[in-house]
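Novice: after the sequence you'll find the predicted model.
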Amino acid sequence: MNKRVFLIVAVTWFLLSFIITGFAQVSVPIDKEPMHRLKFENEFVRLFDVLVPAGETTKYHIHLYDGVSVRVSNAQIIDEIMGGERTPFEIKYGAATFGVRPSPLTHRVVNSGKSDFRNIFIEILAGKNTTPAVEFPILSDGHVILIDNERVRVNRLTLKPGESSKLHTHQMRGLGIILYDSDIELIAHDGTKRKLEPKAGDHVWQNAGTTHNIKNIGSTVFEAIDIELKL
């Protein structure tokens, strides 16, 4: 009798373990993952504001498209591929990275550190440009190119208090991501001025042909990442 009870208990635990493991391995589309908050979408991109609190883990979720990540925090994370490797990363505030997706990626992010992990992730929905490459001038002398490939060009603009960028035209459509809370003045090509107070992680969509310059009217450094889409 005791042996029979033992076998029943053992089988029950095995089945429970199998069920729990099965549930743990379930994945969701990226826009259904609770910590990936969809903030902007058009025919070209989707922008997610990702926030993983310290000690928390996202659900397994699926990446189908190439994308750019802009880090808006310092953090320690573990990238865990479903059924594969667990890779630790030291995240640096202001870093920008490009991820190519020749095939779907299913993973989750473990925040293994003591601070929240915040990441602005931009999915590039449109396909690759099949027309001959066109060389576009850099935005202005104040922009430093971080990434330049067949899909995107990613720049960093840094302005000290009182500094202004040169008047520049966005020849390619794309997104600007603000890295720190700022006070700026946006000056259009016709001289029209707008005062703005963007917050860290805010974004702005730029249509091709947008011309302006930016003045830092605040008391702290203004820093932004410009993502130009080669579409």
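Specialist: Structure received. Numbers count the residues shown, from 1 in each chain.

Novice: low-confidence regions, this structure specifically.
Specialist: 1-24, 128-134 (pLDDT under 70).

Novice: try it again at 80.
Specialist: Scanning the chain with the threshold set as pLDDT under 80 gives 1-25, 126-141.

Novice: what segments of it are helices?
Specialist: If DSSP state H is used as the criterion, the helices of the chain fall at 2-24.

Novice: what residue lies at the spatial centre of it?
Specialist: For the chain, Phe121 is the residue whose C-alpha lies nearest the centre (Cα atoms, centre = their mean; 1.9 Å).

Novice: excluding covalently adjacent residues, which one is nearest to that one?
Specialist: Nearest residue to Phe121, sequence neighbours excluded (Cβ to Cβ, 6 or more residues apart in numbering): Phe48, at 4.6 Å. The C-beta positions use only the backbone N, C-alpha and C, and glycine is treated the same way.

Novice: I'd guessed that neighbour sits against Lys32; true?
Specialist: No - contact criterion Cβ atoms under 8 Å: Phe48 and Lys32 do not qualify, at 11.4 Å.

Novice: of these two, which one has the most company?
Specialist: Between Phe48 and Lys32, Phe48 has the larger neighbour count (other Cβ atoms under 10 Å), namely 22 against 12.

Novice: which ones are touching Leu157?
Specialist: Residues near Leu157 by Cβ atoms under 8 Å, 6 or more residues apart in numbering: Leu139, Ser140, Gly142, His143, Val144, Ser165, Ile214, Phe222, Glu223, Ala224, Ile225, Asp226.

Novice: swap the cut-off to 7 Å and go again
Specialist: Leu157 makes contact with Gly142, His143, Ser165, Ala224, Asp226, according to Cβ atoms under 7 Å, 6 or more residues apart in numbering.

Novice: quick one: which of these has the most company?
Specialist: Ala224 (25 neighbours).

Novice: you'd agree that residue is up against Tyr180?
Specialist: No - using Cβ atoms under 7 Å as the test, Ala224 is too far from Tyr180 to be in contact (8.8 Å).

Novice: good, wrapping up.
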